[in-house]
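Peer 1: Let me see the structure of the following:
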Amino acid sequence: MNITTEEIKQLVIERLRRIPAGKKISIGEDGDFTSDELIKFVETNDKVGDKIIKMQLEYLRSLKDLLNQDN
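Peer 2: Residues are numbered from 1 along each chain as shown. This is a model prediction of the structure:
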């Protein structure tokens, strides 16, 4: 199954939309951002957006691996 870059971006954006209002996420030396700011970064292919995508994919892969350990 091939997943497009656009599909990955949409998945990440949907996950970011689940962050509670008023909460900020720290992206190391890049600063603290609201979910709306992070979504804009992802949509515009900003360097912070790229980091967010990589972080989310890493998390999802780790979750998958963890779930597969239980089987």
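Peer 1: C-alpha only now, for contacts and for neighbours.
Peer 2: OK.
Peer 1: who touches the most centrally placed residue in the chain in this structure?
Peer 2: Compute the mean C-alpha point of the chain, and by Cα atoms, centre = their mean the closest residue is Gln56, 3.7 Å away. Contacts for Gln56 were tallied using Cα atoms under 8 Å, 6 or more residues apart in numbering; they are Val12.
Peer 1: element containing it?
Peer 2: Gln56 belongs to helix 47-69 when assigned by DSSP states H and E.
Peer 1: list the buried ones in that helix?
Peer 2: 48-50, 52-53, 56 (16 or more other Cα atoms under 10 Å).
Peer 1: closest to Glu7 among the residues you listed?
Peer 2: Distance to Glu7, by Cα to Cα, is smallest for Ile53 among those, at 11.4 Å.
Peer 1: Would you confirm that that closest one contacts Lys9?
Peer 2: Yes - the pair Ile53 and Lys9 passes the contact test of Cα atoms under 8 Å, sitting 7.1 Å apart.
Peer 1: what's the overlap in contacts for those two?
Peer 2: Residues touching both Ile53 and Lys9 (Cα under 8 Å, 6+ apart) are Val42.
Peer 1: Please work out how many residues are found near Ile27.
Peer 2: Other residues within reach of Ile27, judged by other Cα atoms under 10 Å, total 14.
Peer 1: Tell me the pLDDT of Lys64.
Peer 2: Here, the pLDDT recorded for Lys64 equals 87.
Peer 1: if we can go back for a sec, got JSON lines for the buried residues of helix 47-69, with pLDDT and distance to Arg18 too?
Peer 2: JSON lines is the format used below for these (pLDDT from 0 to 100; distance: Cα to Cα, whole Å):
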{"residue": "Val48", "pLDDT": "96", "distance to Arg18": "18"}
{"residue": "Gly49", "pLDDT": "96", "distance to Arg18": "16"}
{"residue": "Asp50", "pLDDT": "96", "distance to Arg18": "19"}
{"residue": "Ile52", "pLDDT": "96", "distance to Arg18": "14"}
{"residue": "Ile53", "pLDDT": "96", "distance to Arg18": "15"}
{"residue": "Gln56", "pLDDT": "94", "distance to Arg18": "13"}
